[in-house]
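# give me coordinates for this.
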Amino acid sequence: MDINELVVIGDSDLLIHQVQGEWATKNDNILSYVNLAEMLCKKFKKIEFRHTPRAQNEFDNTLAMIVSMIQHLKSSHIDPLEISLKEEHASYSHMEAEPDGKPGYNDIKMYLEKWDYPKGITSGKKKTIRRMVNVSS
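Sure, this is the predicted structure:
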C-alpha cells in the first residue's frame, strides 16, 4: 500500500516498551508477537509508538470494533474512513424534556434509584427501561 510512516497507538505500555526494545520480553507467548512486530517495523521508514491508557482509549475500541465489522475484498485498496469527533456523546445530544417538564431519561433514573417502574407506563416502556439500565451497567 506504499505506506512509509506509521503511528501505532496502543493501551499496553508493557508491549509498547517491549517492541521498542526498551524492556526485556520474558514470556514466550508474547515473545513471538514482539519478534513479529519488530520484523514489521523494518518495513517502514518511520514508525512511532504512542501509549494511550485504557481509561482513555474509548475511541480506539470503537474504531477496532468498526474495522472488525468491515468485510475487505481481496485487494490492496481500502476506502478511507472519515471520522469526526463530537464534543459530547451522541446520547447527550438527544435528551429532550418530556411534556411533564422532566428530562427523557427521568424514568431510567427513577428505576435505578428505587428499582421500581414509574406509575402508568406500558410493558414495552418497562422493557426499554430494563434494556437501557443493562446497557449502562
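# which stretches of this protein form helices?
13-19, 28-41, 58-69, 90-93, 106-114, 123-136 (DSSP state H).
# now the second one: mean pLDDT?
Taken as a whole, helix 28-41 has an average pLDDT of 88.
# residue 2 is nearest to which of the helices of the chain?
Comparison of the helices of the chain against residue 2 by C-beta to C-beta identifies helix 28-41 as nearest, at 15.5 Å. C-beta: built from backbone N, CA, C; applies to glycine.
# report the buried residues of the closest one.
Residues of helix 28-41 classed as buried by neighbour count (16 or more other C-beta atoms under 10 Å): 34, 37.
# who does that helix touch, helix- and strand-wise?
helix 13-19 (3 or more C-beta pairs under 8 Å, 6 or more residues apart in numbering; DSSP states H and E).
# please redo it, this time with the cut-off set to 10 Å
For helix 28-41, the packing partners by 3 or more C-beta pairs under 10 Å, 6 or more residues apart in numbering; DSSP states H and E come out as strand 5-10, helix 13-19, strand 46-51.
# now that helix against strand 46-51, angle please.
140 degrees (axes from the mean of the first three to the mean of the last three C-alpha atoms, to 10 degrees).
# show residues contacting helix 28-41.
Residues from elsewhere that reach helix 28-41, judged by C-beta atoms under 10 Å, 6 or more residues apart in numbering: 6, 8, 12, 14-16, 18-21, 23-25, 27, 47, 49.
# what do you get if the cut-off is 7 Å, keeping everything else the same?
18-19, 25, 47 (C-beta atoms under 7 Å, 6 or more residues apart in numbering).
# and what of stretch 105-115?
Under the criterion C-beta under 7 Å, 6+ apart, residues 95, 117-118, 121, 129, 132-133 lie in contact with stretch 105-115.
# can you list the buried residues in that stretch?
105, 107-108, 111.
# let me have those residues in JSON lines, extended by distance to residue 34.
JSON lines is the format used below for those (distance: C-beta to C-beta, whole Å):
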{"residue": "105", "distance to residue 34": "46"}
{"residue": "107", "distance to residue 34": "51"}
{"residue": "108", "distance to residue 34": "45"}
{"residue": "111", "distance to residue 34": "48"}
